[in-house]
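In: How does the following fold in three dimensions:
(chains A and B)
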2 protein chains.
Amino acid sequence: MTDSPVMQVALARCRDGAQSRSFSTAELVRAIDHTCLRADADRGEIIACCREAREHGFYAVCVNSGNVALCATELEGSKTVVCGVVGFPLGATSSRAKAYEASEAVRAGAAEIDMVMNRGLFKSGDYGGVVEDVRAVVEAVKPAAVKVIIETAGLDAEGKVIACVLAKVAGASFVKTCTGFGGGGATVEDVVLMKRVVGPRVAVKASGGIRTRDQACAMLEAGASRIGTSAGVTIVGDSD
Amino acid sequence: MTDSPVMQVALARCRDGAQSRSFSTAELVRAIDHTCLRADADRGEIIACCREAREHGFYAVCVNSGNVALCATELEGSKTVVCGVVGFPLGATSSRAKAYEASEAVRAGAAEIDMVMNRGLFKSGDYGGVVEDVRAVVEAVKPAAVKVIIETAGLDAEGKVIACVLAKVAGASFVKTCTGFGGGGATVEDVVLMKRVVGPRVAVKASGGIRTRDQACAMLEAGASRIGTSAGVTIVGDSD
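Out: Purely as a prediction, here's the structure:
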């Protein structure tokens, strides 16, 4: 991720705490979705991810739906919840399949679902279809939180605004920046834009390329309330 | 795809037809799964893909499960069938979700299913789990053909052998080289190896980086009976 001028300002503000509050490790820890989505992540790696999350008290582990049951077992009795991704990372699976995958993930122990918006429907201008696709998942897992990944790198500013509105209308709890598989990553500008569009009752999850405490801090400062990253241990280990 | 020495020999044999037969356009056409799996492929692009497939008489169109119904409508009355991908491209979705996605794709008009092997289970040495994952899809869509993508680029030679055996044991109709999203591509060596392992009653689909008639021809020569490519029109347009 290249640090743009806006990002640099946010990073500086975050670092020196001059114009705004900085974030404590405790605040950072509870904002982190500790993420392991590699296709070839084996049982040992998933268990290690859960142990780290439990040890540090991260908000969630974020894994592919096939790993939800294992994580639910590993995290039993901890305050870390399981988040399962759905239709990931292309978002082009059928709505019925997404809804089923989501409901199975919740049945297996997921408390939250991160789904990928259908970008083909979006690009076709079928906004009703995009809303239905999200709503099918929201309805299938109620009252579990659903985060909608809009894959910011593939959208211009207007597209990001429209995607956020559609997710909000469909009942999403969060809009989320990136899958991490589609190129690009979270930017402060995108988080600011997304938060402005979705307003106070929908949250923003920043994900994609967040590797340092300064970056994580800048995302929270910009309006994100959750950070998706595989570098959580490094981030909370970085000095205050 | 870099042409290795074996590939160069195969290409040369294919071109000059000296040591082996070459393939006619009619043969090539009926081996091609005309593929459009981009996350942001819109309605117009999917329809164009179907028109090309119908016009040239390709064996199938290969699309994400969310596009199967549209393709089934577009291809009605033609000899081109619809192939839907499942658990694509990571293969890390739960088995129940894969099976459901596959059965929904068949219900929507797919005649074939290309599923991705669960590489996490594979890497964990849980071969029973890999077989169950494939079998769940095979059982869900019987008698539709199921192709199992082993993502060759992530496996060494022994891993490729084991993956092919597991797919065969689980009742797959095909083993398939690559998703096209995981790096690497089909090679002649891999096709030869895979065909040798699965034997005469299971077929091989070569996919990933096949862009020219010579490459397609070399894959068929090596033992593939199906070619997954988005360059089908170019391939059959290349001179004999």
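In: My read is that A:G171 contacts A:A145, right?
Out: No: A:G171 is beyond contact range of A:A145, at 10.5 Å (criterion: Cβ atoms under 8 Å). Placement of C-beta: from N, CA and C, glycine included.
In: what about those two, which has more around it?
Out: A:A145 (21 against 16; other Cβ atoms under 10 Å in any protein chain shown).
In: after the helix or strand of chain A with the lowest mean pLDDT, next one along is what?
Out: Lowest by mean pLDDT, DSSP states H and E among the helices and strands of chain A is helix A:5-16, with a mean of 57. The C-terminal neighbour of helix A:5-16 among helices and strands, as given by DSSP states H and E, is helix A:25-29.
In: ok, and for that next one, which residues are buried?
Out: A:T25, A:L28, A:V29 (16 or more other Cβ atoms under 10 Å in any protein chain shown).
In: mean confidence score for stretch A:97-111?
Out: Stretch A:97-111 comes out with an average pLDDT of 98.
In: Now tell me what touches it from outside.
Out: A:60, A:65, A:68-69, A:71-73, A:81-84, A:86-87, A:93, A:113, A:115, A:133, A:136-137, A:139-141, A:144-146, B:65-66, B:93-94, B:96-97, B:100-101, B:104-105 (Cβ atoms under 8 Å, 6 or more residues apart in numbering or on different chains).
In: try 6 Å
Out: A:65, A:68-69, A:72, A:81-82, A:84, A:86-87, A:113, A:136-137, A:140-141, A:144, B:65, B:93-94, B:96-97, B:100-101, B:104 (Cβ atoms under 6 Å, 6 or more residues apart in numbering or on different chains).
In: Extract the C-alpha set from it and format it as PDB.
Out: Extracted in PDB, the C-alpha atoms of stretch A:97-111 (Å, rounded to 0.1, in the frame of the first residue of the first chain):
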ATOM      1  CA  ALA A  97     -25.200 -20.900  -2.400                       C
ATOM      2  CA  LYS A  98     -23.900 -17.800  -0.500                       C
ATOM      3  CA  ALA A  99     -26.900 -17.900   1.800                       C
ATOM      4  CA  TYR A 100     -26.500 -21.600   2.400                       C
ATOM      5  CA  GLU A 101     -22.700 -21.300   3.000                       C
ATOM      6  CA  ALA A 102     -23.400 -18.500   5.500                       C
ATOM      7  CA  SER A 103     -26.100 -20.400   7.400                       C
ATOM      8  CA  GLU A 104     -23.800 -23.500   7.500                       C
ATOM      9  CA  ALA A 105     -21.000 -21.400   8.800                       C
ATOM     10  CA  VAL A 106     -23.200 -19.900  11.600                       C
ATOM     11  CA  ARG A 107     -24.400 -23.400  12.400                       C
ATOM     12  CA  ALA A 108     -20.700 -24.500  12.700                       C
ATOM     13  CA  GLY A 109     -20.000 -21.700  15.100                       C
ATOM     14  CA  ALA A 110     -19.500 -18.400  13.200                       C
ATOM     15  CA  ALA A 111     -20.800 -15.300  14.900                       C
END
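In: Which parts of it count as buried, going by neighbours?
Out: So for stretch A:97-111, counting by 16+ other Cβ under 10 Å, buried means A:97-106, A:108-111.
In: Could you do stretch A:207-227 as well?
Out: Result for stretch A:207-227 [16+ other Cβ under 10 Å]: buried residues A:207-210, A:213-224, A:226-227.
In: Show the end-to-end separation of it, please.
Out: 6 Å (Cα to Cα, to the nearest Å).
In: packing partners for the helix or strand hosting A:E132?
Out: Element membership for A:E132, per DSSP H and E: helix A:127-141. With contacts taken as 3 or more Cβ pairs under 6 Å, 6 or more residues apart in numbering or on different chains; DSSP states H and E, helix A:127-141 sits against helix A:95-107, helix A:119-123, strand A:145-149, helix A:157-169.
In: and A:G208, what is it in contact with?
Out: Listed by Cβ under 6 Å, 6+ apart, the contact set of A:G208 reads A:T177, A:C178, A:G180, A:G185, A:A186.
In: again with A:V29
Out: If you count contacts by Cβ under 6 Å, 6+ apart, A:V29 has them with A:H56, A:G57, A:V236.
In: Over to A:Y127?
Out: So A:Y127 contacts A:L166 (Cβ under 6 Å, 6+ apart).
In: can you do 8 Å?
Out: So A:Y127 contacts A:L121, A:I162, A:L166 (Cβ under 8 Å, 6+ apart).
In: Please produce JSON lines containing those, extended by pLDDT, distance to B:A48 and neighbour count.
Out: Below are the contacts of A:Y127 laid out as JSON lines (pLDDT from 0 to 100; distance: Cβ to Cβ, whole Å; neighbours: other Cβ atoms under 10 Å in any protein chain shown):
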{"residue": "A:L121", "pLDDT": "98", "distance to B:A48": "17", "neighbour count": "25"}
{"residue": "A:I162", "pLDDT": "98", "distance to B:A48": "24", "neighbour count": "18"}
{"residue": "A:L166", "pLDDT": "98", "distance to B:A48": "25", "neighbour count": "24"}
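In: ok, those residues vs B:A153, which is closest?
Out: Checking the contacts of A:Y127 against B:A153 by Cβ to Cβ gives A:L121 as the nearest, at 30.3 Å.
In: gap between that closest one and chain B?
Out: 8 Å (Cβ to the nearest Cβ, to the nearest Å).
In: residue contacts, that residue?
Out: A:L121 neighbours (Cβ under 8 Å, 6+ apart): A:Y127, A:G129, A:V130, A:D133, B:R43, B:G66.
In: 10 Å instead, please
Out: A:L121 makes contact with A:91-92, A:95, A:127-133, A:166, B:40, B:42-43, B:66-67, according to Cβ atoms under 10 Å, 6 or more residues apart in numbering or on different chains.
In: swap in A:V197?
Out: Contacts of A:V197 (Cβ under 10 Å, 6+ apart): A:K160, A:V161, A:I162, A:A163, A:C164, A:V165, A:A167, A:K168, A:V175, A:V204.
In: same thing with A:V134?
Out: So A:V134 contacts A:95, A:98, A:115, A:117-118, A:146, A:148, A:166-172 (Cβ under 10 Å, 6+ apart).
In: Around the nearest residue to it once chain neighbours are set aside, how many other residues sit close by?
Out: In space, and not counting its chain neighbours, A:V134 is closest to A:A170: 3.6 Å by Cβ to Cβ, 6 or more residues apart in numbering or on different chains. A:A170 has 20 neighbours, counted by other Cβ under 10 Å.
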